[in-house]
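Trainee: Sharing a model prediction with you, sequence too.
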Amino acid sequence: MHSERLRLRYLDGIRGLAALFVVAHHLHQELSVKGGLPRPFLAATKLLQLGHYAVALFIVLSGYSLMLPVARSADGRLRDGIWRYLLRRARRILPPYFAVLAFTLLLMLAIPAMRRPTGFSWDAAVPISSGAVLSHMLLIHNLNPAWVLKIDPPMWSVATEWQIYFAFPLVLLPLWRKLGVAITVLFAYGAGVGLVYWSGGQLRDAYPWYLGLFAAGMGAAVIGFSSRPSTHRIRQRIPWWHLVMAFGAALAVMIKLRPGWLALADALAGLAAASLLVACTTVVTSKSASRPIVLRIFESDWAVRLGAVSYTLYLIHSPLITLAHLALMKAVNLDAMRRLLLLPPVAIVIIVPVTLAFYFLFERPFVSSRRKAASPVLASTVYDPAI
């Protein structure tokens with residue numbers, strides 16, 4: 001068993017940068033939905049259309065982080081059992097989620113314009129129904145296309161991850177202990193794709209193949225920390241940084257040639273993310289003073305601090321972008337250029353303080369610092385991660 005304390009700062013940094021990318025993606029979406037923007041701007045910001053893959057990265061990170069204490073333990077089992085694990089997950093995920101859900105519903109109640117289509121990205125969130133509200137409260141809104149994007153569109157992925165939390169101890173861990181990493185990843189991905197076909201496409205918006213991406217994150221943790229000689233050889237002999245580039249290039253080709261093959265593209269994104277985590281881990285655990293520039297960015301103080309608030313930021317930014325846009329449209333006659341110049345700074349001015357307020361009120365109090373401080377397994381804010 002690994003007993004030394006370990007701080008993996010780069011996990012916080014990756015999560016923070018991914019959340020920032022999602023916010024930039026949705027701002028870009030809001031700006032470009034009606035066209036009229038300068039071609040140089042669109043060309044320079046084309047990568048911001050790929051915000052979906054940041055969500056895939058979150059899922060891999062979650063699998064990696066939750067598997068870390070298991071991979072580093074002597075018996076390969078959850079600390080304190082399944083019930084306490086689920087309680088920890090609920091404590092970590094649900095308070096910010098329900099706080100932002102209530103806040104968004106109150107915004108929609110108080111501001112009539114937020115209950116109607118705006119002609120922009122918010123149209124996916126409205127109108128809402130009692131079924132949409134109830135399904136969000138039960139975290140099953142991702143199972144019905146009529147509910148999945150209502151109220152606060154990014155919340156769909158919270159429901160998917162919440163459901164994966166149950167599959168982790170009940171299905172994935174027993175499978176891993178019996179058959180190993182490769183079979184677990186293949187089974188999880190195949191089961192997710194199979195659910196889409198079994199449902200006649202009804203479950204496509206739940207992205208059930210994310211179960212395979214979560215399993216890929218689990219595999220990355222095992223490869224990074226297992227003490228088995230065979231795993232150690234895999235960790236040392238495979239050129240992980242090259243694999244990151246190879247899977248990334250394959251993903252770029254897939255997006256270009258087959259943009260509709262989303263499940264396969266997500267699989268490539270998941271493999272790239274898992275390889276990245278192993279690559280970073282091999283550098284950190286080698287205690288090498290030399291750090292690749294990518295890893296130095298992930299470990300930078302600003303990225304790590306951003307990672308601390310990334311879950312709240314992810315949850316709350318969408319209605320705040322719409323709030324900023326509606327306020328501007330009421331105050332100023334907006335054409336495409338005025339929207340480009342004014343919306344990002346106004347949205348940021350609103351998003352930053354509200355995110356921090358919700359983080360300190362509804363997220364930070366539920367992160368168990370006492371448990372993290374007492375654990376010899378991992379001393380890090382990502383030991384008990386959110387999305």
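Mentor: Structure's in. What do you need?

Trainee: switch to C-alpha atoms for all contacts and neighbour counts from now on
Mentor: OK.

Trainee: Remind me what the helix or strand harbouring Ile14 packs against, helices and strands.
Mentor: For Ile14, the host element (DSSP states H and E) is helix 9-32. Contact partners of helix 9-32 among helices and strands, from 3 or more CA pairs under 8 Å, 6 or more residues apart in numbering; DSSP states H and E: helix 52-71, helix 293-298, helix 301-308, helix 310-331, helix 336-358.

Trainee: out of the ones you listed, deepest packed?
Mentor: Mean neighbour count (mean count of other CA atoms under 10 Å) peaks for helix 52-71 among the helices and strands packed on helix 9-32, with a mean of 25.

Trainee: Which other helices and strands does the next helix-or-strand element following that helix contact?
Mentor: Using DSSP H and E, the helix or strand that follows helix 52-71 towards the C-terminus is helix 81-110. Helix 81-110 is packed against helix 156-167, helix 310-331, helix 336-358, with contacts defined by 3+ CA pairs under 8 Å, 6+ apart.

Trainee: tell me the angle of the longest one relative to helix 310-331?
Mentor: Put plainly, it is helix 336-358. For helix 336-358 against helix 310-331, the angle by axes from the mean of the first three to the mean of the last three CA atoms, to 10 degrees is 140 degrees.

Trainee: Go ahead and measure how far helix 336-358 is from the middle of the chain.
Mentor: 22 Å (CA atoms, centre = their mean, to the nearest Å).

Trainee: Please save the CA atoms from it in CSV.
Mentor: Once non-C-alpha atoms are left out, helix 336-358 reads as follows in CSV (Å, rounded to 0.1, in the frame of the first residue of the first chain):
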residue,chain,number,x,y,z
ALA,A,336,-23.0,41.6,-33.8
MET,A,337,-20.0,43.8,-33.1
ARG,A,338,-21.4,45.5,-30.1
ARG,A,339,-22.4,42.1,-28.7
LEU,A,340,-18.8,40.8,-29.3
LEU,A,341,-17.3,43.8,-27.5
LEU,A,342,-19.7,44.1,-24.6
LEU,A,343,-21.1,40.6,-23.7
PRO,A,344,-17.8,38.9,-22.6
PRO,A,345,-16.7,41.6,-20.1
VAL,A,346,-20.3,42.1,-18.7
ALA,A,347,-20.8,38.4,-18.4
ILE,A,348,-17.4,38.0,-16.6
VAL,A,349,-18.2,40.9,-14.2
ILE,A,350,-21.4,39.0,-13.2
ILE,A,351,-20.0,35.4,-13.3
VAL,A,352,-17.0,36.0,-11.1
PRO,A,353,-18.6,37.4,-7.9
VAL,A,354,-21.7,35.1,-8.1
THR,A,355,-19.5,32.0,-8.6
LEU,A,356,-17.3,32.9,-5.6
ALA,A,357,-20.4,33.6,-3.5
PHE,A,358,-22.0,30.3,-4.3
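
Trainee: For the stretch 151-300 of the chain, give me the ranges with low pLDDT.
Mentor: 289 (pLDDT under 70).

Trainee: Sketch out the helices for it, chain order is fine.
Mentor: 156-167, 173-179, 181-198, 210-225, 229-237, 240-257, 262-285, 293-298 (DSSP state H, counting those that start in this stretch).

Trainee: So which of those helices is nearest Val332?
Mentor: helix 156-167 (32.6 Å; CA to CA).

Trainee: what's in contact with the closest one?
Mentor: Contact with helix 156-167 is made by 55, 59, 86, 89, 139-142, 148-149, 206-208, 210-211, 214, 387, as judged by CA atoms under 8 Å, 6 or more residues apart in numbering.

Trainee: in that helix, what counts as buried?
Mentor: Trp156, Ser157, Val158, Ala159, Thr160, Glu161, Trp162, Ile164, Tyr165 (16 or more other CA atoms under 10 Å).

Trainee: Need those residues in TSV (columns: distance to Ser230).
Mentor: Below are the buried residues of helix 156-167 laid out as TSV (distance: CA to CA, whole Å):
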residue	distance to Ser230
Trp156	39
Ser157	35
Val158	35
Ala159	36
Thr160	33
Glu161	31
Trp162	33
Ile164	28
Tyr165	28
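
Trainee: Nearest to Leu326 among the residues you listed?
Mentor: Trp156 (23.4 Å).

Trainee: Quick one: neighbours of Ala102, just the number.
Mentor: Counted by other CA atoms under 10 Å, the residues lying close to Ala102 total 15.

Trainee: how much space between it and Pro117?
Mentor: 20 Å (CA to CA, to the nearest Å).

Trainee: wait, isn't Tyr10 in contact with Val294?
Mentor: No: using CA atoms under 8 Å, Tyr10 is not in contact with Val294, being 9.6 Å away.

Trainee: Please report how far Asn142 lies from Ala269.
Mentor: Relative to Ala269, Asn142 is positioned 21 Å away (CA to CA).

Trainee: tell me, what residue is most central in the chain?
Mentor: Phe58 (2.7 Å; CA atoms, centre = their mean).

Trainee: Just the buried residues of stretch 271-288, please?
Mentor: Neighbour counts over stretch 271-288 (16+ other CA under 10 Å) mark 271-282, 284 as buried.

Trainee: So what's the gap between that stretch and the chain middle?
Mentor: 19 Å.

Trainee: what angle sits between the strand or helix carrying His136 and helix 156-167?
Mentor: Using DSSP H and E, the element containing His136 is helix 130-137. Relative orientation of helix 130-137 and helix 156-167, computed by the same axes, to 10 degrees: 50 degrees.

Trainee: Backbone dihedrals for Ala146, please?
Mentor: phi -80, psi -20 (degrees, to the nearest 10).
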